[in-house]
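>>> Sequence and predicted structure, then a few things I'm wondering about:
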Amino acid sequence: MFQLINGPSRELRTRAVCREAAVYQSCFTEVNTMSDFNCRNCNESLYGCKYIKMEEEPHCIRCYDRLYANTCHECKEIIGHDEKELMHQDRFFHDHCFRCFSCNRSLANESFTMQGDALVCSDCFCSRFSSKCAACNQTVMPGSRMLEYEGSTWHEDCFLCHGCEKPIGTEAFVPDNDNFYCVPCYERRVAPRCSHCRKALTKGGVTYKDDVWHKECFLCSSCRAPLAGQSFTSQGDRPCCIKCFGNLYAKKCAGCNTPITGFGDGKYISFEDRQWHQPCFKCSRCSVSLVGSGFFPDRDQILCTDCNSDD
């Protein structure tokens, strides 16, 4: 299951700061009443000149640009007092430098986003960086709601159940090859049926001889004990727990008279119509192991070479 997410925003906007309005023109008509009116930095007279106030102090244009003007992030030049200044994420730009790095169009009055440190217009972002919907192959627009699963992307309205063809949205779904199903459609159309209860099997379960069971339905055919996660064998086509198989079907060891099941007691040895657990296959007189050695049958006994020679 996955959730709807929002794509990259395309609503970031420029913020323009105009510094031309703060430029003043000094003038005088009554010379005798004027006191000194100089730039507070270089002390140059400002009579009849343009000036800019910073913290209520007059500065000549040259000092203002040198001391207070910002540097353009793009061209690294001073943004003069009479130039429009654009600011984004604490970076300053000339109006003509604020452009898409791909198509070079001005972004002063356009929507844009960021790709790393680069400015990108909406059109270039969509064509170069946006995902394509796996269903309709159209661009998933930045800022729109989309769904992602295993590296693929869908428009919200394009991610449909293959059965009922309704949008799945944030609901649970089941993948089947290249298709996706809502849970009701999967259970009704695709899910395998338990060999015992015939109900849909949507997760987990047990497979045996090409048939499937719910874990709680996979039982010993004799005692009905659960077999999921346990060792078991079969009698014909019916699964059987080890205990029932030993008691009902397994042959008995000629040495210890307990069932030979092939589980837990390892390999066994067969001779004529008798079988032995491997540890039980030993001389009837001296008890030496006969595994891998020659032996001699003597009615119900088996003898090693030495004991047979004593006779």
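Nice, I can see it.
>>> Which stretches in the stretch 51-200 of the chain count as strands?
Taking DSSP state E, counting those that start in this stretch, the strands of the stretch 51-200 of the chain run over residues 57-60, 85-88, 91-94, 112-115, 118-121, 145-149, 152-155, 173-176, 179-182.
>>> So which of these is nearest residue 249?
Closest of the strands of the stretch 51-200 of the chain to residue 249 is strand 173-176, at 39.6 Å (criterion: Cβ to Cβ). Just so you know, the C-beta spots here come from the backbone N, C-alpha and C atoms, and that holds for glycine as well.
>>> and the closest one, which strands flank it?
Strand pairing for strand 173-176, determined by DSSP bridges: strand 179-182 (antiparallel).
>>> hmm, back to that, could you tell me the least trusted of the strands of the stretch 51-200 of the chain?
Note on those: lowest mean pLDDT is at strand 112-115, with a mean of 75.
>>> Just the C-alpha atoms of that strand, please, in PDB.
Taking Å, rounded to 0.1, in the frame of the first residue of the first chain, the C-alpha atoms of strand 112-115 are listed here in PDB:
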ATOM      1  CA  PHE A 112       9.500  28.600 -11.200                       C
ATOM      2  CA  THR A 113      11.100  26.000  -9.000                       C
ATOM      3  CA  MET A 114      14.600  25.000  -8.000                       C
ATOM      4  CA  GLN A 115      16.600  22.100  -9.300                       C
END
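>>> for the stretch 151-300 of the chain, what are the low-confidence residue spans?
262-266 (pLDDT under 70).
>>> Run through the helices of the protein in chain order.
In the chain, the helices defined using DSSP state H lie at 61-67, 122-128, 183-185, 242-248, 305-310.
>>> Throw the ones you listed into TSV and include mean neighbour count and distance to residue 213, thanks.
TSV is the format used below for the helices of the chain (neighbours: other Cβ atoms under 10 Å; distance: least, Cβ to Cβ, whole Å):
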stretch	mean neighbour count	distance to residue 213
helix 61-67	16	83
helix 122-128	17	51
helix 183-185	17	20
helix 242-248	17	18
helix 305-310	13	52
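>>> okay, these in JSON lines with distance to residue 276 next?
Formatted as JSON lines, these follow (distance: least, Cβ to Cβ, whole Å):
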{"stretch": "helix 61-67", "distance to residue 276": "104"}
{"stretch": "helix 122-128", "distance to residue 276": "76"}
{"stretch": "helix 183-185", "distance to residue 276": "55"}
{"stretch": "helix 242-248", "distance to residue 276": "15"}
{"stretch": "helix 305-310", "distance to residue 276": "17"}
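>>> among the strands of the stretch 51-200 of the chain, which is nearest residue 284?
Closest approach to residue 284 among those (Cβ to Cβ): strand 173-176, 62.3 Å.
>>> Thank you, goodbye.
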